[in-house]
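Undergrad: What follows is a predicted protein model with its sequence.
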Amino acid sequence: NAGVTQTPKFQVLKTGQSMTLQCAQDMNHEYMSWYRQDPGMGLRLIHYSVGAGITDQGEVPNGYNVSRSTTEDFPLRLLSAAPSQTSVYFCASSYGGFRYNEQFFGPGTRLTVL
Amino acid sequence: SQKIEQNSEALNIQEGKTATLTCNYTNYSPAYLQWYRQDPGRGPVFLLLIRENEKEKRKERLKVTFDTTLKQSLFHITASQPADSATYLCAFPGDSGYSTLTFGKGTMLLVSP
């Protein structure tokens, strides 16, 4: 199993550009989530999904969209990139509810917005 | 709202000693608590989950305690090794939405030979 994969590993955008961060898992996990990690801020939840077709907002959802059309994929879309979205983005999945099951994290995408 | 606190200062210890990391929380009574390890440039990796009625859980050289009275979890690594050097994160069930996790900011552990 590849686990949780994320692409790209690195990305540089100009302010106002849009892009999609890809996330896929091959463990048949129902629960998936997106976090951003900034120095001194820790991991903050952006959006999460508890199954195909079901998504919800986390702590910092503004400026991001998600969709979940399949169990395997959970892409994160930046609508109009801003310098404040410069961060490292992690996708994670778990077999059951996040609270009482381990989360499997991807390797991350380092995004810089100029 | 709930608050999770981990010591922001790095913990420096010598190889072979026991490392103890602290995670405190306020305004919440979580039923579960998780610990993760994160190496530079990588995603967090799950280590242990402890339930509120377990008080203590062990896995090889790792031990986690959960004191609901003190609102504190302690994470111990015995016989520490330089390879244990990493940032350790604690996480609790979030208070927004359902089935989410809220992470502490993490404490960096540096084990010197």
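TA: Structure received. Small disclaimer: the values here were computed from a predicted structure and weren't measured. Numbering: from 1, shown residues only, chains lettered A, B, ... in the order given.
Undergrad: same question for the strand or helix carrying B:Thr22, mean pLDDT?
TA: In this structure, B:Thr22 is located in strand B:19-26 according to DSSP states H and E. Averaged across strand B:19-26, the pLDDT comes to 94.
Undergrad: Likewise for stretch B:42-62?
TA: On average, stretch B:42-62 scores 94.
Undergrad: List the buried residues for it?
TA: With burial defined by 16 or more other C-beta atoms under 10 Å in any protein chain shown, the residues of stretch B:42-62 counted as buried are B:Gly43, B:Pro44, B:Phe46, B:Leu47, B:Leu48, B:Leu49, B:Ile50, B:Lys57, B:Leu62. In this view, the C-beta of every residue, glycine as well, is placed from N, C-alpha and C.
Undergrad: what sits up against that stretch?
TA: Residues from elsewhere that reach stretch B:42-62 (C-beta atoms under 8 Å, 6 or more residues apart in numbering or on different chains): A:4, A:43, A:90, A:92, A:100-108, B:29-39, B:63-68, B:73, B:75-80, B:88-89, B:103.
Undergrad: Point out the ones among the buried residues of stretch B:42-62 that are inside strands.
TA: Of those, the ones assigned to strands by DSSP state E are B:Phe46, B:Leu47, B:Leu48, B:Leu49, B:Ile50, B:Lys57, B:Leu62.
Undergrad: and the contacts of stretch B:42-62, which are buried?
TA: Buried residues within the contacts of stretch B:42-62, defined by neighbour count using 16+ other C-beta under 10 Å: A:4, A:43, A:90, A:92, A:101-108, B:30, B:32-38, B:63-66, B:73, B:75-77, B:80, B:88-89, B:103.
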